[in-house]
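J.: no FASTA, just this:
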């Protein structure tokens, strides 16, 4: 089928889906997206990244015609106006419970607060080497990371996110306990860049790729939403979409949950799909 591009929202994950394995947007994909957006394509992204990181990678196609879903649905950002149009903080008592459980499971991570609509990341030592590398790689984009001796000092701040990295076996027990908290949502998914490493991320139950996609549909009057993803944190996005497509490099369980499977991220599968199915082929 082809789509009415005036009524259809195309919402894509970034890492492992829209981006190459080197975490960049290929020149071909950037050129084609710019052209299709210029012809009226309603396209945006749903990612675990923050706006500064998105801007660094996708600057060549920004601003997008529809707000961006950031931090797995915690924030929705209008890149045209430079404003957050939706944000979901964690309740203070929920933050305290998250940090208590993290201590019980001997896990340290990154706690993200929202200060003047900008993300401010805090951390506690000791950090695992993979988390230290994560911090080093994103230091400039995040504007630094703040060391903290006592997590509870931030319990009453505008906390939007808590994230930790470790093996699946180390994180799964904490994930099970966190899932019992009534006002919390969590995502546990593999790190596509580091073999054996997994992300555990926590945020308000009102924040998810599912809720953000539904909000975009209702706010902008889309009659159809089509999503693209590659990982476990994209399953909530798939659930909110009329159609969902996994890239060929996604794990089997993600491909099985999707409406269909498209080309891999090494082949610009998302952009090829958009070009072919919207009739916005190269001129």
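T.: Happy to help now that I have it. Computed from a predicted model, the values in this text were never measured in an experiment.
J.: Other residues contacting stretch 93-101?
T.: 90, 111, 151-152, 154-155, 159, 162, 174, 177-178, 181, 183-184, 202, 204 (Cβ atoms under 8 Å, 6 or more residues apart in numbering). No exception for glycine: its C-beta is placed from N, CA and C like everyone else's.
J.: State the pair within those that is farthest apart.
T.: The two members of the contacts of stretch 93-101 with the most space between them (Cβ to Cβ) are 154 and 177, at 20.4 Å.
J.: give the contact list for residue 89.
T.: Applying Cβ under 8 Å, 6+ apart, the residues contacting residue 89 are 114, 158, 159, 160, 204.
J.: same deal with residue 7?
T.: Contacts for residue 7 were tallied using Cβ under 8 Å, 6+ apart; they are 221, 222, 223, 224.
J.: Tell me which of residue 154 and residue 177 has more neighbours.
T.: When neighbours are counted by other Cβ atoms under 10 Å, residue 154 comes out ahead of the other of residue 154 and residue 177, with 19 against 16.
J.: residues touching that one, list them.
T.: Residue 154 neighbours (Cβ under 8 Å, 6+ apart): 95, 111, 113, 122, 148.
J.: The third one in helix, strand or coil?
T.: Spelled out, that is residue 113. Three-state assignment for residue 113 (DSSP: H, G, I helix; E, B strand; the rest coil): strand.
J.: Any idea what it is bridged to?
T.: residue 120, residue 159 (DSSP bridges).
J.: just to revisit the earlier point, type out the ChimeraX command that picks the buried ones from the contacts of stretch 93-101.
T.: Of those, the buried ones can be selected in ChimeraX as follows, counting by 16 or more other Cβ atoms under 10 Å:
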select :90,111,151,154,155,159,162,174,177,178,181,184,202,204
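J.: Neighbours of residue 153, how many?
T.: Counted with other Cβ under 10 Å, residue 153 comes out at 10.
J.: Looks to me like it is in a helix.
T.: Yes. Assignment of residue 153 by three-state DSSP places it within a helix.
J.: In the contacts of residue 154, which residue is surrounded by the most others?
T.: Neighbour counts for the contacts of residue 154, by other Cβ under 10 Å, peak at residue 111, which reaches 28 neighbours.
J.: Residue 278 and residue 4 touch, don't they?
T.: No. In this structure, residue 278 is not within contact of residue 4 by Cβ atoms under 8 Å, at 9.3 Å.
J.: Tell me which of these two has more neighbours.
T.: Comparing residue 278 with residue 4 by other Cβ under 10 Å, the one with more neighbours is residue 278, at 21 against 10.
J.: Please tell me how far the more buried one sits from residue 148.
T.: Using Cβ to Cβ, to the nearest Å, residue 278 is found at 47 Å from residue 148.
J.: Ignoring the adjacent residues along the chain, who's closest to residue 249?
T.: Nearest residue to residue 249 in three dimensions, chain neighbours excluded: residue 264, at 4.3 Å (Cβ to Cβ, 6 or more residues apart in numbering).
J.: got it, and residue 6?
T.: residue 40 (6.6 Å).
J.: Hmm, residue 5 and the one you found touching each other?
T.: Yes. The pair residue 40 / residue 5 is scored as a contact, 5.3 Å apart, by Cβ under 8 Å.
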